[in-house]
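Enquirer: What follows is a predicted structure for the sequence shown.
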Amino acid sequence: MNPVLNRDFPDPGVLRAPDGWFYAYATQSRLGETMINVQVARSPDLVHWAYLGDALPQKPSWARSRRQFWAPHVIYDRTERRFFMYYSAEPDAGDGKCLAVAVAAEPAGPFTDSGAPLVCGDGIEHIDPMAFDDPKSGKRLLYWGSGSKPIKVQELAPDRVHFLPGSAPADLVAPDPGRQYRSLVEGAWVVLRNGRYFLFYSGDRCCTRDPRYAIMVARSRDAYGPFEEPDADADIVLGPNGSWLAPGHNSIVTDDEGNDWILYHAIDARRAAPQSSAPGRANSRLMMLDRIEYRDGWPRVAGGEPSATPRPAPVLKSPE
């Protein structure tokens, strides 16, 4: 029953590690008086989570004075036998956001920054990275984007800590103020199912005085697009209801029977307050879990909204 983690845990990115455990990584938050740069939790079954603390306890050398670490995603390289974390941070020099990479030998960390950001900007367009190894092409890709600009993709170099020389970012899904929840788009997550690439993303306002946020989807036959979208307002995978506000910034994971599950954050409407969702304050974004169903070639959550009653759990083998 939601929430599966009853604490501020925004923008959860999930990984099933080689040890069989699930690890979820989240945007910074407070633990008592301590600021946690990158949160990490662990679960055997996606339902029962143990909070582990900080996966990035040492700030990168280029962002030591800031306290803004957002939206981590971790991928495991079986050849390197290392874990690569992609995240966003504010640099000491400048007011924009940067995409960065950190590396660890264990899924819970500690992760160590690679020493320099991948790319920086003047605004918040360089946030919410998601790494994806394309099974069709063999390319290592990075999706990201926000700041009222399009979601992008670019190929990574074999070392995973740089972009491939000669590559360039390609625009995929753009904001569209004429469509619901599309004044901005962010929080990309890509899965390949039945020959199609599904690009999940979130939009509008997650953290304002009046939060307005939802999860949408587009699909393509190629990881670089073009991505098609359903009819207006039919692209919403998960929207708010009377129990849960501003559901969004999801990740997707598959259980041992082949069912897809969506992890995301949402605000408990019963505890919501008319103020910012700053770490440790009211409007904490709690971690949620619901099942994805594919109907008529499109993914959906039953009812199109967060579940608020007990549901069947994912089918999973216990980790060793």
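Expert: Here it is on my side, so go on. The structure presented is a predicted model; accordingly, all values stated were derived computationally and were not measured.
Enquirer: what's around the closest residue in space to Gly203 that isn't next to it in sequence, how many residues?
Expert: Of all residues beyond its chain neighbours, the one nearest Gly203 is Tyr181 (4.3 Å), with distances taken as CB to CB, 6 or more residues apart in numbering. From N, CA and C alone the C-beta is placed, and that goes for glycine too. The burial count assigned to Tyr181 is 23, neighbours taken as other CB atoms under 10 Å.
Enquirer: Contact partners for Tyr294?
Expert: Tyr294 is in contact with Arg193, Asn194, Asp260, Arg300, counting by CB atoms under 8 Å, 6 or more residues apart in numbering.
Enquirer: Show me which residues of the helix or strand harbouring it are buried.
Expert: Element membership of Tyr294, judged by DSSP states H and E, is strand 285-295. Within strand 285-295, the residues scored as buried using 16 or more other CB atoms under 10 Å are Arg285, Leu286, Met287, Met288, Leu289, Asp290, Arg291, Ile292.
Enquirer: quick one, phi/psi of Ser61?
Expert: The phi/psi pair for Ser61 (degrees, to the nearest 10) reads phi -60, psi -30.
Enquirer: Please report the distance of it from Ala100.
Expert: Ser61 sits 11 Å away from Ala100, going by CB to CB, to the nearest Å.
Enquirer: One more: Ile262?
Expert: Ile262 is 26 Å from Ala100, by CB to CB.
Enquirer: more crowded one of these two?
Expert: Between Ile262 and Ala100, Ala100 has the larger neighbour count (other CB under 10 Å), namely 28 against 23.
Enquirer: now that one, which residues is it bridged with?
Expert: When bridges are taken as DSSP bridges, the partners of Ala100 come out as Tyr87.
Enquirer: those strands in the stretch 1-150 of the chain, which residues are they?
Expert: Counting by DSSP state E, counting those that start in this stretch, the stretch 1-150 of the chain forms strands over residues 13-16, 22-26, 29-31, 34-36, 39-43, 50-54, 69-77, 82-89, 98-104, 112-113, 119-120, 130-133, 140-144, given from the N-terminal end onward.
Enquirer: Would you mind giving those as CSV with mean pLDDT and distance to Glu305 added?
Expert: Compiled in CSV, the strands of the stretch 1-150 of the chain are given as follows (pLDDT from 0 to 100; distance: least, CB to CB, whole Å):
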stretch, mean pLDDT, distance to Glu305
strand 13-16, 98, 21
strand 22-26, 98, 22
strand 29-31, 91, 25
strand 34-36, 94, 29
strand 39-43, 98, 23
strand 50-54, 97, 26
strand 69-77, 97, 23
strand 82-89, 97, 28
strand 98-104, 97, 32
strand 112-113, 98, 38
strand 119-120, 94, 36
strand 130-133, 98, 24
strand 140-144, 98, 25
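Enquirer: Could I get those in a markdown table, plus columns for distance to Arg270?
Expert: Converted to a markdown table, these look like this (distance: least, CB to CB, whole Å):
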| stretch | distance to Arg270 |
| --- | --- |
| strand 13-16 | 26 |
| strand 22-26 | 22 |
| strand 29-31 | 20 |
| strand 34-36 | 25 |
| strand 39-43 | 23 |
| strand 50-54 | 22 |
| strand 69-77 | 26 |
| strand 82-89 | 30 |
| strand 98-104 | 36 |
| strand 112-113 | 39 |
| strand 119-120 | 40 |
| strand 130-133 | 31 |
| strand 140-144 | 34 |
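Enquirer: Which among these is found nearest to Asp268?
Expert: Shortest distance between Asp268 and those, using CB to CB, is found for strand 29-31: 15.4 Å.
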